[in-house]
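K.L.:
Prediction below, plus the sequence it came from.
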Amino acid sequence: MENTFPQEKELLFLAAAGKELCIGKWQDKFFAIDDRCSHAGGSLSTGRCDEMGNVICPFHRIGFRLKDGGPASGKGYFVEHYPLEIRKDGVYMGIRKQWWGF
């Protein structure tokens, strides 16, 4: 992100760790969710963030909560979210390891 952090309700695209992410800032906190809408496949980072901290897909206007990737309506589609922390020495993001149990 090279010292370019989103402003309040601004969304940015970031490719990291093999993932395409939508990075947003809401209520002075930073969040990371998958960039692709799970409903229509639109790039969420090209959408908008509303007053409630929901990312609105530019294709079909479906909303996802920045804080946890859940559906803004309370039911329906969701996207993966990733813990994001800004520290003095860098940006840290948690990515879940997949374990198949074989």
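P.N.:
Now that the structure is in, tell me what you want to look at.

K.L.:
What is the least confident helix or strand in this structure?
P.N.:
strand 90-93 (a mean of 83; mean pLDDT, DSSP states H and E).

K.L.:
same for that strand, what does it pack against?
P.N.:
Applying 3 or more Cβ pairs under 8 Å, 6 or more residues apart in numbering; DSSP states H and E, one finds that strand 90-93 makes contact with strand 84-87. For every residue, glycine as well, the C-beta is placed using N, CA and C.

K.L.:
just to revisit the earlier point, pairing partners for the least confident helix or strand of the chain, with directions?
P.N.:
strand 84-87 (antiparallel) (DSSP bridges).

K.L.:
got the CA positions of stretch 48-65 in CSV?
P.N.:
C-alpha atoms of stretch 48-65 as CSV (Å, rounded to 0.1, in the frame of the first residue of the first chain):
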residue,chain,number,x,y,z
ARG,A,48,-18.7,2.4,-2.7
CYS,A,49,-18.8,2.4,1.1
ASP,A,50,-22.1,3.6,2.7
GLU,A,51,-22.7,5.3,6.0
MET,A,52,-23.1,2.0,7.8
GLY,A,53,-19.7,0.6,6.7
ASN,A,54,-21.1,-1.6,4.0
VAL,A,55,-19.4,-2.1,0.7
ILE,A,56,-21.9,-1.8,-2.1
CYS,A,57,-21.2,-4.0,-5.2
PRO,A,58,-21.2,-1.9,-8.4
PHE,A,59,-23.0,-4.6,-10.3
HIS,A,60,-26.2,-5.4,-8.3
ARG,A,61,-26.0,-3.1,-5.3
ILE,A,62,-25.6,-6.0,-2.8
GLY,A,63,-23.9,-4.9,0.4
PHE,A,64,-21.2,-6.5,2.5
ARG,A,65,-20.1,-5.4,5.9
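
K.L.:
List the contacts of the residue lying closest to E8 once chain neighbours are set aside.
P.N.:
The spatial neighbour of E8 that comes closest, neighbours along the chain excluded (Cβ to Cβ, 6 or more residues apart in numbering), is K25 at 5.5 Å. Residues in contact with K25 (Cβ atoms under 8 Å, 6 or more residues apart in numbering) are 5-10, 31.

K.L.:
Write a PyMOL command that selects only the buried members of these.
P.N.:
Selection command for PyMOL covering only the buried members of the contacts of K25, criterion 16 or more other Cβ atoms under 10 Å:
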select buried, resi 6+9+31
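
K.L.:
Good, wrapping up.
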